[in-house]
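> need a structure here:
(chains A and B)
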Amino acid sequence: MDEIIQVFYQFSNKTGFLIANNTTKAKISIICNQPISFSSVNFHLRYDIKGKLNVGSKTPLSIQLDNNKNWVHDNTQEYEIEFKTPNTPISFSGENLEIVWYLIVEVIVDDRTKSQIRSQLLRQTKLISLAKTYNGKIITKHPIKVRNIDCDYQIVNFEEISYQRIHIPLLFSGFILATDVLLYLSGSYHIIISSIAAILSIGLLGYALYKYITIGLLGEVRLVGEYIDEKKFRICVTPKKNLKTIIGIKLFYTITEEVIDNRGSSSTTLKEKIFESKDYSCIVFKNKICSEINYPKEEYPTFFKYDTARIFWQLHLKFQFKNGLSYTVNHEFKVF
Amino acid sequence: MKIAYHNLILNRNVEYFHNPFGGISDEELIEVIDPKYSFEELTETLNQNKPIIVQFVGKKGRGKTIHLRALYQLASNSKIYILDRNNHRNITNPDNLNIFIDSVHHIPLRKRLQLWRQTNTSYVITTHFPRNLEFFFCKRKYKTFYFNEITSEKLEVIIKKRVSKFSYLKYEDVVVDQDILNQLIKKFDDNIRATLNFLYDQFKAVNHYG
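Numbers count the residues shown, from 1 in each chain, chains lettered A, B, ... in the order given. Next up, the predicted model:
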């Protein structure tokens, strides 16, 4: 359908790409190669979620350029529009996931032009069904880039209380052990199964004990993420008790892309880390432990989720205790 | 020679819109797919006077789902269900509609037989093995299309179509190395999705366009 119209575009920033969250003027020129009548001409900014997955797409911006006109052959139309580029997601090319933006000009033709195009299609292709199912739209698609060239980010403030539940592994361990003993007493004792159950139970008991003498010492842990500016954010950790048992907290954050490829009849989860920050140390102030963290200095995608694809930011806090042990808490947070 | 992207696609300095070997959107399907069976034949089979069940049979990655999606676009008055373990419950079968079902094995046998018994509905399904017995049991007319085997010519067309669709290269200008093409077939046999996933990883190793 590309040959019916030709579309040219120019952005006022003269960069050839769009800057997320910025207002841009665009000049759209449409050259018409055959007479058409239409009900509307629309401009869209659309992104496709591509990669090793079922492709999806979203159109966050649509502007009507024109309506109810006839264009003759060689007709050139120029439109100037102003719009604010959506602030997320930016164009992205990752390991298994890509976010590809398109500038789309769509002409919705009237019934007369629709049947003309249909007969053209019938002449060009042997595939009658293709012409039959023609939907009456002339669409031109130009791949463009949406960028965050200043590398500005904004955390969504959060406050999370993390309860360290040591009783769950304890309960499981007790349950397995009790079942094992009951089986032994009832005479249905099986040496291999019982041994595996006993090892599992001891393992869970060990894990519960390890949690109890590390993070469990702190009771509840309050985790707060706060906006400072576009270049940094603050993370504060407030344990409910036993603050003095902590000798240090190291924290860093990661950005990960996750894709569930469920094309066809099987499903595979593909996870790739695309960024890992440096380690930050925390400063103890009164009963709070805080640290100022820098956002990446390069362009990375912010929080994104679409169907089976997502990009998420995650904090990793490694508590080091006086007893020589350490414990890591992971927490996902949103950045736009 | 090693199976690397630059050894396979011999054109240099090509500007790509994105990785050409990933999933395909519905609007790109008809242009990108190289049909194993002509769509004329498939649509004619489906549009016969008497309702029919068309089954696409083959192992995973052989192109059944992509043909189902493409044919769906060409069939009017149709509904498509891409199934996983849970969503088969949503299938309804109003009269005089063509129903397209991907991964029919997710539907329990009892419900499948219920569907096939709707004699005024035509179905197009994908399945790993033929369901002839079920159709016979429900006295349904059916036709089977097998998805297996690939030739180097076919794989070449698939690769060329993708490269030309997602770059500024024209189809006829894409140069593919025959030796590497044969190596790909030796490595992945007729598993097209595994081949394309492999090429996806090969492509991103050498093309930094983001």
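> Which secondary structure element of chain A has the lowest mean pLDDT?
The helix or strand of chain A with the lowest confidence, counting by mean pLDDT, DSSP states H and E, is strand A:283-285 at a mean of 69.
> Next secondary structure after it?
Using DSSP states H and E, the next helix or strand after strand A:283-285 towards the C-terminus is strand A:288-294.
> could you give the mean pLDDT of the following helix or strand past that next one?
Downstream of strand A:288-294, the next assigned helix or strand under DSSP H and E is strand A:304-306. Average pLDDT, strand A:304-306: 93.
> what packs against strand A:304-306?
Where contact means 3 or more C-beta pairs under 8 Å, 6 or more residues apart in numbering or on different chains; DSSP states H and E, strand A:304-306 is packed against strand A:309-321. Yep, even glycine has a C-beta here, placed from its N, CA and C like the rest.
> hey, where'd the strands end up in chain B?
Ranges of strands in chain B, per DSSP state E, are B:53-57, B:78-82, B:98-102, B:122-127, B:142-146.
> and those strands, which one is worst for confidence?
Minimum mean pLDDT among the strands of chain B: strand B:78-82, a mean of 85.
> Could you figure out how far it is turned away from strand B:98-102?
On the basis of axes from the mean of the first three to the mean of the last three C-alpha atoms, to 10 degrees, strand B:78-82 is oriented at 10 degrees to strand B:98-102.
> Quick check: pLDDT value at the residue nearest to the spatial centre of chain B.
Geometric centre of chain B, nearest residue: residue B:66, 2.5 Å, by C-alpha atoms, centre = their mean. Residue B:66 is assigned 91 on the pLDDT scale.
> Skipping its backbone neighbours, what lies nearest residue A:212 in space?
What sits nearest to residue A:212 in space, not counting adjacent residues and going by C-beta to C-beta, 6 or more residues apart in numbering or on different chains, is residue A:166, at 5.0 Å.
> give the contact list for the one you found.
Contacts for residue A:166 (C-beta atoms under 8 Å, 6 or more residues apart in numbering or on different chains) come out as A:208, A:211, A:212, A:216.
> Identify the residues contacting the first one.
Going back to what we said before, that points to residue A:208. Here residue A:208 is in contact with A:166, A:167, A:169, A:170, A:173 (C-beta under 8 Å, 6+ apart).
> could you dump those to TSV with pLDDT and secondary structure?
Output for those, formatted as TSV (pLDDT from 0 to 100; DSSP: H, G, I helix; E, B strand; the rest coil):
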residue	pLDDT	secondary structure
A:166	72	coil
A:167	74	helix
A:169	76	helix
A:170	78	helix
A:173	79	helix
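> ranges for the helices of the stretch 151-300 of chain A?
Along the stretch 151-300 of chain A, the stretches classed as helices by DSSP state H, counting those that start in this stretch are A:167-186, A:191-212.
> Please apply the same query to chain B.
Shown for chain B, the helices assigned by DSSP state H span residues B:5-8, B:26-32, B:39-46, B:64-74, B:109-116, B:132-137, B:152-165, B:178-188, B:192-206.
> now, of the ones you listed, which is deepest in the fold?
Burial of the helices of chain B is given as mean neighbour count (mean count of other C-beta atoms under 10 Å in any protein chain shown); helix B:64-74 ranks first at a mean of 22.
> Outline the domain layout of chain B.
Domain assignment for chain B by automatic domain parsing gives B:5-22+B:151-206, B:37-146.
> before we move on, back to that, the helices of chain B: which one's closest to residue A:80?
Of all the helices of chain B, helix B:26-32 sits nearest to residue A:80, with 27.7 Å by C-beta to C-beta.
> what about that closest one and chain A, any contact?
Yes: using C-beta under 8 Å from any C-beta of the partner chain, helix B:26-32 reaches chain A at B:26, B:27, B:30.
> how far away is the last one from residue A:175?
What it means is residue B:30. 57 Å (C-beta to C-beta, to the nearest Å).
> still on that earlier bit, setting aside sequence neighbours, what's the nearest residue to the residue nearest to the centre of chain B?
If the residues on either side of it in the chain are set aside, residue B:66 comes closest to residue B:33, at 5.9 Å by C-beta to C-beta, 6+ apart.
> Who are the contact partners of that neighbour?
Shown in contact with residue B:33 (C-beta under 8 Å, 6+ apart): B:24, B:66, B:67, B:70, B:161.
> count of residues packed around residue A:302?
22 (other C-beta atoms under 10 Å in any protein chain shown).
> pretty sure residue A:268 contacts residue A:261?
Yes: counting by C-beta atoms under 8 Å, residue A:268 does reach residue A:261; the two are 4.8 Å apart.
> In terms of neighbours, single out the busier of these two.
For residue A:268 versus residue A:261, neighbours defined as other C-beta under 10 Å are more numerous around residue A:261 (21 against 13).
> Contact partners for the more buried one?
Residue A:261 sits in contact with A:52, A:53, A:96, A:267, A:268, A:269, A:270, A:308, where contact means C-beta under 8 Å, 6+ apart.
> Could you list which of these belong to strands?
Per DSSP E, the contacts of residue A:261 map to strands at A:268, A:269, A:270.
> for these, which one is nearest residue B:130?
residue A:268 (26.2 Å).
> Distance of the residue nearest to residue B:66 relative to residue A:81?
Counting by C-beta to C-beta - residue B:33 and residue A:81 are separated by 35 Å.
> same question, residue B:4
Residue B:4 is 44 Å from residue A:81, by C-beta to C-beta.
> before we move on, what about residue A:68?
To residue A:81, residue A:68 is 19 Å away according to C-beta to C-beta.
> Neighbour count: these two, which is higher?
More neighbours surround residue A:81 than the other of residue A:68 and residue A:81, with 13 against 10 (other C-beta under 10 Å).
> I'd guessed that one sits against residue A:26; true?
Yes: using C-beta under 8 Å, residue A:81 makes contact with residue A:26 at a distance of 5.5 Å.
> shared neighbours of the two, anything?
By C-beta under 8 Å, 6+ apart, residue A:81 and residue A:26 have these common neighbours: residue A:43.
> And the residue of the stretch 51-200 of chain A closest to chain B?
Nearest residue of the stretch 51-200 of chain A to chain B (C-beta to the nearest C-beta) works out as residue A:93 at 2.9 Å.
> Now for that residue, how many residues are close by?
Residue A:93 has 18 nearby residues by other C-beta under 10 Å.
> give me the beta-bridge partners of it?
Beta-bridge partners recorded for residue A:93 (DSSP bridges): residue A:98.
> Is it in contact with residue B:18, as I believe?
Yes: taking C-beta under 8 Å as the definition, residue A:93 is a contact partner of residue B:18 at 6.9 Å.
> Rebuild the domains of chain B as JSON lines, extending it with distance to residue A:119.
Shown next, in JSON lines, are the domains of chain B (distance: least, C-beta to C-beta, whole Å):
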{"stretch": "domain B:5-22+B:151-206", "distance to residue A:119": "26"}
{"stretch": "domain B:37-146", "distance to residue A:119": "18"}
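> Could you tell me the least trusted of those domains?
Lowest mean pLDDT within the domains of chain B: domain B:37-146, a mean of 88.
> Give me the contacts around stretch A:105-121.
With C-beta under 8 Å, 6+ apart as the test, stretch A:105-121 has contacts from A:1, A:4-5, A:7, A:28, A:30, A:36-44, A:65, A:130-132, A:134, A:136-140.
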